[in-house]
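Asks: Compute the structure for the input listed below.
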Amino acid sequence: MPWEECKIMDQKLKFIARLLEGEQMAPLCREFGITRPTGYKIWDRYKQMGECALVEQKRTPYRYANKLPVAIEALILDVKREYPTWGAPKIREKIVKKFPDVKVPAKSTIHAVLDRNGLVEHRTGRIRYKACGTALTDVKKPNQLWCADYKGEFMLGNRQYCYPLTITDYSSRYLLACDAMTGTNEVFAFEGFTRAFKEFGLPDAIRTDNGVPFASGNSFYNLTKLSVWWMRLGIQIERIEPGMPQQNGRHERMHLTLKQEATRPPRENLIAQQEQFDKFMQIYNHERPHEGINNKYPAEVYKKSKKEFKKPEPLFYPFHDKTIQVSQCGRICDQGLKVSLSRAFAGMEVGIKEMEDGIWVVSFLDYDLGYFDDKGKRVEPIEDPFGLYIKNGV
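Replies: From the prediction side, this is the model:
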């Protein structure tokens with residue numbers, strides 16, 4: 001290990017050791033000359049990985065979705081402008097013959113580049129969606145928007161960490177759930193949201209940050225099994241911008257009250273802490289006036305959703321060539337076809353349709369996810385169709 005890396009690791013060891021001794025994060029960060037977000041990042045990584053977390057991590061993502069060198073993408077567009085009627089297969093063969101030393105991408109990747117630049121004529125008349133960033137709505141009625149997050153973890157009396165999963169109704173401020181969890185694992189999140197949906201029905205949309213299990217920076221379109229499940233239930237996804245917790249300000253303000261009244265001091269174990277959360281929910285919803293709703297109690301304003309939580313019927317895509325259920329390992333498999341999509345879609349039905357010779361589009365609900373070709377091993381994404389929905393008739 002180079003000397004510089006040893007020095008960094010030694011500083012991190014000292015930093016972690018002093019945190020374990022009970023010193024406060026803020027003054028310790030000032031002493032070590034780092035920001036508090038960096039301090040918490042080191043601390044969180046240590047709790048998850050132990051001493052392995054102290055080694056400097058690679059910052060390069062392990063996958064660049066549909067990322068091509070600028071020169072190659074420009075070459076594809078130049079050939080398309082020279083031969084406007086050509087599709088991806090002919091464009092690829094032209095580049096292969098003209099530039100034999102160039103590593104030419106797959107047909108599906110070329111088709112995705114053309115589509116992203118508005119150079120694909122779609123044969124169907126259905127609506128397509130262009131992503132322009134996540135829209136945040138300001139709603140007035142209960143269940144039009146729920147907000148969800150994990151309040152910062154804290155240590156219980158038995159030295160176990162508690163990760164409270166909280167869900168609120170945006171307009172009424174009603175606290176729908178405050179569940180003491182042992183981690184942010186998506187299995188626990190499924191359980192928490194299932195309980196909330198069964199008790200209160202389904203919202204129109206859910207707003208979260210970009211952290212696990214709501215989103216994942218390494219996944220297809222940043223989707224997770226949880227967010228795909230919400231979409232399958234007919235729930236729209238809203239995400240705040242990274243580093244902008246004020247965009248979920250009402251929920252964060254509730255977290256401050258929760259921290260003051262239900263986590264100090266922390267209880268001995270998860271069961272005792274959940275009892276404290278339940279007492280807090282009762283007071284917060286039924287006894288605490290809220291200025292934002294004219295000093296009413298949230299329980300006076302909130303009404304359960306009329307959208308019942310039930311298992312949805314299987315999807316069918318009548319205008320596609322086939323409807324296929326994604327395997328548990330995230331693949332589209334059919335008669336020798338094995339194309340990687342994403343584990344986030346495991347168990348979900350998708351539609352596939354041949355757009356031109358040997359190039360197929362994959363769709364989920366009303367959204368095109370990307371393309372694959374006969375020789376491709378994975379779906380190449382087009383652009384994020386799950387941000388701000390701007391309808392474009394094609």
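
Asks: residues in contact with the residue nearest to Gln247 when sequence neighbours are not counted?
Replies: With sequence-adjacent residues excluded and distances taken as Cβ to Cβ, 6 or more residues apart in numbering, Gln247 is closest to Ile240, at 3.8 Å. C-betas here are computed from N, CA, C, even on glycine. Contact partners of Ile240, counting by Cβ atoms under 8 Å, 6 or more residues apart in numbering, are 134, 136, 207-210, 247-248.

Asks: And for Ala88?
Replies: Ala88 makes contact with 107-108, 110-111, 114, 356, 359, 373, according to Cβ under 8 Å, 6+ apart.

Asks: quick one: Tyr150 from Met348, how far?
Replies: In this view, Tyr150 and Met348 are 25 Å apart by Cβ to Cβ, to the nearest Å.

Asks: With Glu275 instead?
Replies: Counting by Cβ to Cβ, the gap from Glu275 to Met348 is 38 Å.

Asks: If you count surrounding residues, which of the two has more?
Replies: Neighbours per residue (other Cβ atoms under 10 Å) separate Glu275 from Met348, with Met348 holding more: 21 against 12.

Asks: got the residue ranges for the strands in the stretch 251-394 of the chain?
Replies: Assigned strands in the stretch 251-394 of the chain, in chain order: 322-325, 331-334, 337-340, 349-356, 359-364, 367-373, 380-381, 389-392 (criterion: DSSP state E, counting those that start in this stretch).

Asks: can those go into a markdown table with extra columns for mean pLDDT, mean neighbour count and distance to Phe99?
Replies: A markdown table is the format used below for the strands of the stretch 251-394 of the chain (pLDDT from 0 to 100; neighbours: other Cβ atoms under 10 Å; distance: least, Cβ to Cβ, whole Å):
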| stretch | mean pLDDT | mean neighbour count | distance to Phe99 |
| --- | --- | --- | --- |
| strand 322-325 | 93 | 17 | 35 |
| strand 331-334 | 90 | 17 | 32 |
| strand 337-340 | 88 | 16 | 27 |
| strand 349-356 | 88 | 19 | 23 |
| strand 359-364 | 90 | 24 | 21 |
| strand 367-373 | 87 | 24 | 20 |
| strand 380-381 | 83 | 22 | 21 |
| strand 389-392 | 36 | 11 | 33 |
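
Asks: TSV please, covering those and showing distance to Ile283.
Replies: Shown next, in TSV, are these (distance: least, Cβ to Cβ, whole Å):
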stretch	distance to Ile283
strand 322-325	46
strand 331-334	49
strand 337-340	49
strand 349-356	44
strand 359-364	42
strand 367-373	42
strand 380-381	46
strand 389-392	39
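
Asks: Select, out of those, the one closest to Ile95.
Replies: For the strands of the stretch 251-394 of the chain, distance to Ile95 was read as Cβ to Cβ. The smallest value, 15.0 Å, belongs to strand 367-373.

Asks: Neighbouring strands - and their directions - for the closest one?
Replies: In the sheet, strand 367-373 lines up against strand 359-364 (antiparallel), strand 380-381 (antiparallel) (DSSP bridges).

Asks: the inter-axis angle of it versus strand 349-356?
Replies: Here the directions of strand 367-373 and strand 349-356 differ by 50 degrees (axes from the mean of the first three to the mean of the last three Cα atoms, to 10 degrees).
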